[in-house]
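Student: got a sequence here, can you build the structure:
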Amino acid sequence: MLPDAARFRLDSCSINYRDSQITLGLTSTSPQGRCPSCSRLTERVHSRYHRTVADLPWATFRVRLEVRVHKFFCCNKTCRRSIFTERLPDIVQPWARRTLRLAQSLLAVGVALGGRAGSRLTERLQRPTPPASLLRVVQTAPIPQTPRLEAVGADEWAWRRGHRYGTIFVNLETHRVVDLLPDRSADSVAQWLAQHPGITVVSRDRSGLYANGITQGAPRAVQVVDRFHLVANLREALEAVFLAHPTTLKKAAVNTAQALTEKVAPAPVTEMDQGRRRRPQNGQKRQERQQQHRHTARVAMYDTICRLHEEGATVMAIARRLKISRTTVYRQLRRGAPPEPKTRTVRSSDRVLAPYIPYLIERWRGGNVTGQQLWREIQAQGYQYSSSTVRRFIASLRRASEAGRPPEVEQSPYTRPQGPSARAVSFLMVSRPEKRSRLAQLYLEQLCQVQDQMAQLYELAVAFQTLARERRGEDLEAWRTQAVNSGIEPLARFSEGMQDDLAAIQAGLTLPWSNGVTEGQVNRLKLLKRQGYGRAHVALLRQRILQES
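Tutor: As a prediction, the model looks like this:
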């Protein structure tokens, strides 16, 4: 229980069960002391000095140390101190009321949790500390010394999103934060880099601000553009292309649904199916009647809105008369045609089945399979949910086959008549092929067949991602030439925009350095900032993230 058993003698020990506290009386056994001013050793004892400090708790008991130390005479006549108190540098700091090991423990709590949350934890650990005291411990802790840096990553972090930003620097070799700047400017970045002349590689995003700062502060350092941001810029160019071709996206979705349901022959009827057919379908018929009733009401509302609008009624008057919102009136007037019957509502549980729909339809066409059997088969492929969803989908296939209509496979945006959004398709095209579902891959194939330009776009997107993932920067110029000559304007703009930052982009597609580590540290910084509930200033954030690193 003693912080240093070789230096102290235990004189007394008292336990207060009511206050859950242990009090230890200690006496220093050191025969000499070193003057804090002139560092001269002396053995001349002046008197005794009593100190009371808190120590780490023992079980559920708080521990208090009542320490008797020496006061010494300084033998150096030229020293400004004639009498000094014995120092205990390895146990407790001068004038401190906590031992070093207790202070380090509180520092770890304050760095990890902050003020209020840390205070609640210390109370449970039998060392109650106010939030302000925890933050004071963090703020007064010495900042770790910055090691010699060679490769660093620079990125912005939002102090107040859209209004105020700072800069974070991360050591790419050790993945640790080395500094946090309160602003985002080329001058501050250049000044910080000039203080660390050993830096040879700086990873960044495509911000011109950081490019100028690095050029000023570390002109000999190699600038590396992060590959993630390059792929993100490519995705934005793809989205711009898809926004200009909404009809193509819809047509590809329709073709995908047809490819899933074409040539669906009725499965061989088994005894189990005959038993199912004998069961009453009252619930299904009731649901169909309710859906038809709702559709009739929607059509009647649309007709009424159009009639009142033709008679000269204002949107506000129509909304008040029908007791609906103006947004609904505007939406119905923009339709141009009565609403179509809605397809069955996709349950949230059915969405987990979307990647396995092509396989289930293919197996069901072969016949002599049940929902339970198919559930076991897709379980081996990674499906982790219940069998009821599979059985429900197979039942819908069976009902559609008996009625002579295509099965309902609207389990995904890739098969809906309106098609997926341009943003969703752009993310799909830059995703890794091994992570795409069968349905998503089928949609991309149908999209490339609808229009030759989409096939060319897909090839260029895959080629650029290959450059980024395999770090084949030597092929960048050839890819840029193909993009410019493709005739796809957003892709040509993306290629031409690389010219001003070509050297850094070339390095990013060649060297192994990446800014992913920096992005991860920015995410951690956001967590620390939110723990402060808006009251954490930059100095405290800097202390916490540097102490954690």
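Student: for W58, give me phi and psi.
Tutor: Main-chain dihedrals, W58, degrees, to the nearest 10: phi -120, psi 110.
Student: what's stretch 453-464 in contact with?
Tutor: Residues from elsewhere that reach stretch 453-464 (Cβ atoms under 8 Å, 6 or more residues apart in numbering): 230-231, 234, 238, 241, 245, 248, 252, 429-430, 444, 447-449, 479, 482-483, 486-488, 491. For every residue, glycine as well, the C-beta is placed using N, CA and C.
Student: specify the local secondary structure of D155.
Tutor: What DSSP: H, G, I helix; E, B strand; the rest coil gives for D155 is strand.
Student: beta partners for it?
Tutor: Beta-bridge partners of D155, counted by DSSP bridges, are I168.
Student: any idea how far it is from Y210?
Tutor: 8 Å (Cβ to Cβ, to the nearest Å).
Student: between these two, which contacts overlap?
Tutor: R204.
Student: need the buried ones from the contacts of stretch 453-464 selected in ChimeraX.
Tutor: If you want just the buried ones from those in ChimeraX, going by 16 or more other Cβ atoms under 10 Å, the selection is:
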select :230,231,234,238,241,245,248,252,429,430,444,447,448,479,482,483,486,488,491
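Student: in strands only, show me the contacts of stretch 453-464.
Tutor: Of the contacts of stretch 453-464, none are assigned to strands by DSSP state E.
Student: so which of the contacts of stretch 453-464 are in helices?
Tutor: 230-231, 234, 238, 241, 248, 252, 429-430, 444, 447-449, 479, 482-483, 491 (DSSP state H).
Student: secondary structure class for R51?
Tutor: R51 is classified as strand under three-state DSSP.
Student: hang on, it packs against Q93?
Tutor: No: counting by Cβ atoms under 8 Å, R51 stays clear of Q93, with 11.2 Å between them.
Student: these two: who's more crowded?
Tutor: R51 (19 against 14; other Cβ atoms under 10 Å).
Student: identify the residue spatially nearest to that one, adjacent ones excluded.
Tutor: V67 (4.6 Å; Cβ to Cβ, 6 or more residues apart in numbering).
Student: next, count neighbours for the one you found.
Tutor: The burial count for V67: 21, using other Cβ under 10 Å.
Student: so it sits right up against T29, yeah?
Tutor: No: look at V67 against T29 with Cβ under 8 Å: they stay out of range, at 11.6 Å.
Student: what touches both of these two?
Tutor: Residues touching both V67 and T29 (Cβ under 8 Å, 6+ apart) are F8.
Student: quick one, phi psi at T23?
Tutor: Dihedral angles for T23 - degrees, to the nearest 10 - are phi -120, psi 120.
Student: make 244 the starting number, not 1.
Tutor: Yep, numbering from 244; the last one is T266 now.
Student: who does it bridge with?
Tutor: S257, R307.
Student: so it makes contact with M244?
Tutor: No: T266 is beyond contact range of M244, at 11.6 Å (criterion: Cβ under 8 Å).
Student: pick out whichever of the two has more residues nearby.
Tutor: Ranked by neighbour count (other Cβ under 10 Å), T266 and M244 place T266 first, with 17 against 12.
Student: residues contacting that one?
Tutor: By Cβ under 8 Å, 6+ apart, the residues touching T266 are 255-259, 307, 309.
Student: let me have these in JSON lines, adding pLDDT and distance to Y657 as columns.
Tutor: Shown next, in JSON lines, are the contacts of T266 (pLDDT from 0 to 100; distance: Cβ to Cβ, whole Å):
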{"residue": "S255", "pLDDT": "91", "distance to Y657": "78"}
{"residue": "C256", "pLDDT": "92", "distance to Y657": "74"}
{"residue": "S257", "pLDDT": "92", "distance to Y657": "75"}
{"residue": "I258", "pLDDT": "92", "distance to Y657": "71"}
{"residue": "N259", "pLDDT": "91", "distance to Y657": "71"}
{"residue": "R307", "pLDDT": "91", "distance to Y657": "69"}
{"residue": "E309", "pLDDT": "92", "distance to Y657": "75"}
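Student: cheers, nothing more for now.
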